[in-house]
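1. Curious how this folds, go ahead:
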Amino acid sequence: MQSRSEGFSGESVKVIVRPARKNDAGPLGVFFMQSWRETGPGALGFTGANEDAIKEIASIEFLSKRLSSPITRIVVAERRGTILGFASIRKTGPGQAELSGIVVLQGEAGRGIGTRLLRKACDAAVRLGCYRVAVKTETFNARAIGFYKKNGFLEVRKTAEKIGRAVVPLMALERRLR
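-> Residues are numbered from 1 along each chain as shown. Predicted coordinates for the structure are as follows:
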């Protein structure tokens, strides 16, 4: 399914989901700061984060390291060169990967972009030799839990992690990839 929106002259503009490239570090940094400003520290998915942590994650240095990592794959959704969403997957062990995050700009939510990003990230995990992918989200993030379950993930346990100064209750979910 292709996500489309109206262009300047009424033409349909396609959202492209593709692997991130090394030269995407700058645009990804802009995307992270924009998504943080839209949602803020109380937003689901950002629980426990603060401005300094987001600035570090959005830095070209941090993103360049992730983009060149042999065990990490990042995919982006873009329209006309503007990043609208991203997903990151990391190989954590033999046959195992972790979905470290999916973020879609608020104005683009509900258009299938997150589902497309998840598919591409899972495809990248398979190419890394993984057959299982895990993800964690806040136990109170019903939207994310519903999204993951709709996409074949099963709850495996509840846990908690210290994120910044907060102890955040998390649900761990997993899905087989092949």
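2. nearest spatial neighbour of residue 19, skipping sequence neighbours?
-> Take residue 19 and drop its neighbours on the chain: the residue closest to it by C-beta to C-beta, 6 or more residues apart in numbering is residue 75, 5.6 Å away. Every residue, glycine included, has its C-beta placed from N, CA and C.
3. what packs against the helix or strand the one you found falls within?
-> Following DSSP states H and E, one finds residue 75 within strand 72-79. In this structure, strand 72-79 packs against strand 16-19, helix 25-39, helix 60-67, strand 82-93, helix 113-127, with contacts taken as 3 or more C-beta pairs under 8 Å, 6 or more residues apart in numbering; DSSP states H and E.
4. so who does the residue nearest the centre of the chain touch?
-> Central residue check for the chain by C-alpha atoms, centre = their mean: the C-alpha nearest the mean position is that of residue 102, 1.7 Å away. Contacts for residue 102 (C-beta atoms under 8 Å, 6 or more residues apart in numbering) come out as 85, 86, 87, 114, 117, 118, 121.
5. swap in residue 28?
-> 20, 58, 63, 74, 76, 83, 86.
6. could you dump those to CSV with neighbour count and distance to residue 37?
-> Formatted as CSV, these follow (neighbours: other C-beta atoms under 10 Å; distance: C-beta to C-beta, whole Å):
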residue, neighbour count, distance to residue 37
20, 22, 21
58, 20, 11
63, 22, 17
74, 25, 21
76, 22, 19
83, 21, 14
86, 26, 16
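7. returning to that earlier point: mind listing what the residue nearest to residue 19 touches?
-> 17, 18, 19, 20, 86, 87, 88, 117, 120, 121, 124.
8. So what's the residue count around residue 132?
-> Neighbours of residue 132 under the rule other C-beta atoms under 10 Å: 16.
9. re the thing from before, which of the contacts of residue 75 are buried?
-> Neighbour counting by 16 or more other C-beta atoms under 10 Å classes 17, 20, 86, 87, 88, 117, 120, 121, 124 among those as buried.
10. could I have stretch 128-138 exported to CSV, CA atoms only?
-> Extracted in CSV, the C-alpha atoms of stretch 128-138 (Å, rounded to 0.1, in the frame of the first residue of the first chain):
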residue,chain,number,x,y,z
LEU,A,128,21.0,-9.6,9.1
GLY,A,129,20.2,-13.3,9.7
CYS,A,130,17.5,-12.8,12.3
TYR,A,131,14.4,-15.0,12.7
ARG,A,132,12.9,-13.3,15.7
VAL,A,133,12.3,-9.6,16.5
ALA,A,134,11.5,-8.1,19.9
VAL,A,135,10.2,-4.7,20.9
LYS,A,136,9.4,-3.0,24.2
THR,A,137,6.9,-0.3,24.8
GLU,A,138,5.2,1.3,27.8
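11. mind checking how far the closest residue to residue 96 other than its chain neighbours is from residue 178?
-> With sequence-adjacent residues excluded and distances taken as C-beta to C-beta, 6+ apart, residue 96 is closest to residue 132, at 5.5 Å. Distance, residue 132 to residue 178, by C-beta to C-beta, to the nearest Å: 9 Å.
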